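1. Show me the folded form of this:
(2 chains)
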Amino acid sequence: MKEFDPPKWALRFFQWFCRPDYYEFIHGDLEELFLATLREKGPEAARRQYARQVIKLCRPSVFRKLPAGRFLPVLNLARHYTVVAKRNIWKNKALSAMNVAGLSLGMTVGLLVITAVSDQYSFDNFHKEKERIYRVITGSDGSFDFASSPLAFGEAIKGAVADVEAVTSFTSLYRSLKTGNQKGMISGYAADESFLDVFTFPLIQGNPQSLNDPSVIFLTESLASRFFGTGNAMGASMFMADSVELIVGGLLADPPKNSHLRFDFLVSRQNTDLVSVTPGLWSSLFSSYNYIRLKEGAGLNAAQSFANRMSEMHYDEDRRNTFTFQQLNAIYPGPSLVNAPGIGSPEHRLFKIMGGVALVILIFSAFNYASLTTARSFARANEVGVRKAFGAQKRQIILQVLIESVVISLIAGLLAVLLLKLIIPGVYGLHPEIVKTFNLEPGFVTYQWFFVFALFTGLMGGLIPAFYFSRFQPVQALRDFQNVRGFSKTRLRKVLISFQLILGLICVSTALLTQRQFNYEKSFDRGYSSDNLINIELAGTDYEAFRNELKRNALIESVTVSSNVPSSQTSSSTGLKWPGAARRSSARFLKADEHFINTFKIDMLASQQVASSALKAGEVIINQAAMKLMEIESPEAALGIYVTAADGTYKITGVIEDFKLRGINIPVKPLLILPISDPKEGLIMTVKVVEGMKKEAIAFMQKTWHEVGEVSVFTYADFEDRFVHEGPNSLLTKLLGFFALQLLVVALLGLSGIVKWLTEVRAREMGIRKILGAAKSQLILSLSRSFFVLTLLALLIALPVSYIGNTELWLNELTHRVSFDWKILVSSILLLMVPATFLMLMPTLSVLKKNPVEYLRSE
Amino acid sequence: MKSTNLGEFEELVLLTVVALYDEAYGVAVKEDLETRTGREVSVGALYSALNRLEKKGFITSKWGESTRERGGKRKRLFNISSSGKKALIQARNVREELWDLSKGLILKPE
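-> Numbers count the residues shown, from 1 in each chain, chains lettered A, B, ... in the order given. This next block holds a predicted model:
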């Protein structure tokens, strides 16, 4: 009867620490107490009580005397090693500083990546039943998957499958919200009461049930304080999309930064004034989401077979959508899906590159440490020789060197943490995307990782020197170290140096190449002009008066109002049907007024109105991709055709070139530009200002914005800024450049350490040769020959590897790309070699300048 | 002998040992102390006090009998020594002197 026995561990522990002469009677007391408590309060309490007593018995008077012979040698040895390590570190301050600096630079990058990656993997961990929550995703034609699914699916599965415990369905909204004199565009979800049941988003005030009431809105704390300050928001009334009145019925905590769902408000999806998605419609699947929670211990099988049945029942065979379930933790980071709610998962490529580069830098700094330490073998040979002569074992030497490197790497680790704190703001500043997706403040778990990481780096860096030193022959090491050939020019160190140079060259050339590709993409003719454009957020304002004022001003060339910014990735999708088409196809669309085409200077390929691109009601302008989708041969042939899209039938009156909304290597989707039918559809105003007058124009617009009686904040963005930061390439380029720079610095640090040591070792030789009449140039050559041979070798290996690797791995996949040419080769060689040569020559020259007597006297 | 003062807890333990006479072993002292003072006394705290008392020479100890509840382990019985008695008397004297001086103030109605 196990539960009627005291806990085994406690007894064993007590046995271990209790002094033998006390053991019997205290043990007896403990057992007596255990039995008494067992009778009174049951086994649970008795076991707890027993453990507590044992722990409280841990005090010097009860503790046995530690057997001196058992622990002291180990403690002594450890102390001895630390003392020797400390002395060695202090004796070579310059070298140790270089070691620590190099290691900590490498570790900073490693830590940065650890923080970023562990942050990414912490996504959605705060949901209580996260293992049982799944997102319904829709697959269409097997070509791409949508993160969204029709509301009808959620309605259907609710209650129909026994294994499904709860279902929540919601649609995303981006609407204007107004109260008193506050106004703004806010995004959130139209959800149902189970939203707060399935997900763990704490409700601070209010009742989750009221999410079924169409007139209710829940605000997040930060939104509430933006609109109501410190006052009480509950019960206040607000207007959404200008006319829909809502009552604040709940306050939510802000969704954590590591939530893939992001929202500022929740409203009821029963509110038909706001929700445009028709609940029962199986074809309406682009902006609604379903999440399910399974019963404990239930599998997906039943739900999946139900989903398959639904897909067969509700879609025709030729355009069947399929439903699958995606585990909550697989969403972020995860595959990139179309129409992801909140924030979409970043590209996997980014992760891989970041991890890869961090690993390279880490190996690099560990190697650096190894080569710097082995370089000092000359100085350490005596020490190791003495140790061995006294009978030190090989593994004792290994242990000692490892302890030393771990000590150094722990110091470097501490430094790296400080450094990380310093560079975090800089890293955030690299790219606006970073602030949005990463939380780089290291937490407790991350610090634990740091520690493991520092230990690991120390071990890795110490391994090579450890085995190297342990191989010393004591007699040789003690007798005449300089005569032992092979120590100053060991093959090992050559390999290490060339390896560093090779990695450095590969990284620098890759960084240069991506930079060039990025610049190329930036200046690429995208089919429209983004110069001097400014976007203004309209927030559903009545903008007529404002626009008229702007038109009158000489600073402004033209003004257009549209539903989306062409550069953003938020244009909506719709079904497109044309005469002769068997079924609807998917196309993107945006709504714009008649000035859109000439404000963005998009090239017209064909147009019905001579020299005009005006868009009237019932007309549509399509791009070439849409034309190809409809299988029309020439732009002229497209004119006059009637198509059905979005909310009506339109006549094609113009064909424009495929202007590239997104990255230039992303295929352009079919796009329709429809006329704005209701002023409320205009969400963005784009203003083209006169060249060089941006500042003045913005000041003027700001003033006018308020003069025409606007109450909301004037929010604008420079189109160029927006554009430059869009697309994954800019983020990648910056990170790569940042990493390459780090790598370069670490490599140069290592190199300068080695060179400094090498010249010192040979200083005496140089002195003698100088006295015997050698020319300076001869000496320099002799000192640097091996360095140049290594460099040449590194070049011969690195450049072809970098060339083949870069072109094969990514460059060739792009349609519009730059070439990897001699300019990149030369500039990467220069970037690495100029400082390297300089570092090499400095100590050499300083040795040669000095009077040879100084080196020779000490002998 | 390093010090011969009696700490507050030590004094309580010592008095309990005396009160229990020849039944003064770990559990008995612990339980008696707990019921009398109403505060929990861990085995560790008790033995560290007994240990100190023994070092100061205030108590002596000898092996007692074993019982079934104790899984056959013997008890350690504690007994007061003459210097222990002296220390108790001295502690009491100090206390009484102080009481005589201050009882007018302590017992005076507010």
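2. Now do the helix ranked longest in chain B: distance to the chain's middle.
-> If you go by DSSP state H, chain B has its longest helix at helix B:82-107. What separates the centre of helix B:82-107 from the centre of its chain is 16 Å, taken as Cα atoms, centre = their mean, to the nearest Å.
3. Quick one: mean pLDDT over that helix.
-> Mean per-residue pLDDT for helix B:82-107: 87.
4. so what secondary structure elements neighbour that helix?
-> For helix B:82-107, the packing partners by 3 or more Cβ pairs under 8 Å, 6 or more residues apart in numbering or on different chains; DSSP states H and E come out as helix B:8-20, helix B:43-56. In short, each C-beta sits where N, CA and C put it, glycine included.
5. right, is the longest one up against chain A?
-> Yes. Residues of helix B:43-56 contacting chain A under Cβ under 8 Å from any Cβ of the partner chain: B:V43, B:G44, B:A45, B:Y47, B:S48, B:N51, B:R52.
6. can you redo the helices and strands packed on helix B:82-107 as TSV with mean pLDDT and mean neighbour count?
-> Formatted as TSV, the helices and strands packed on helix B:82-107 follow (pLDDT from 0 to 100; neighbours: other Cβ atoms under 10 Å in any protein chain shown):
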stretch	mean pLDDT	mean neighbour count
helix B:8-20	90	19
helix B:43-56	88	20
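7. so which residue of chain B comes closest to chain A?
-> The nearest approach of chain B to chain A comes at B:K73, 3.1 Å away (Cβ to the nearest Cβ).
8. which one is that residue nearest to, not counting chain neighbours?
-> Once flanking residues are discounted, B:K73 sits nearest to A:G28: 3.1 Å by Cβ to Cβ, 6 or more residues apart in numbering or on different chains.
9. secondary structure class for A:F34?
-> Counting by DSSP: H, G, I helix; E, B strand; the rest coil, the backbone at A:F34 sits in helix.
10. OK, contacts around it?
-> Neighbouring residues of A:F34 by Cβ atoms under 8 Å, 6 or more residues apart in numbering or on different chains: A:P6, A:A46, A:R47, A:Q49, A:Y50.
11. And residue 42, its phi and psi?
-> I went with chain A, as the question did not name one. phi 90, psi 170 (degrees, to the nearest 10).
12. The chain in question should be chain B.
-> Main-chain dihedrals, B:S42, degrees, to the nearest 10: phi -80, psi 160.
13. And A:R59, by the same measure?
-> For A:R59, the backbone dihedrals (degrees, to the nearest 10) come out as phi -140, psi 160.
14. That one reaches B:S48, doesn't it?
-> Yes. Taking Cβ atoms under 8 Å as the definition, A:R59 is a contact partner of B:S48 at 5.3 Å.
15. Can you name the residue of the stretch 451-600 of chain A nearest chain B?
-> As assessed by Cβ to the nearest Cβ, chain B sits closest to A:F451 within the stretch 451-600 of chain A, at 32.7 Å.
16. Secondary structure element holding the residue nearest to B:K73?
-> Counting by DSSP states H and E, the element that carries A:G28 is helix A:20-41.
17. Helix B:43-56 and that helix, what's the angle between them?
-> 140 degrees (axes from the mean of the first three to the mean of the last three Cα atoms, to 10 degrees).
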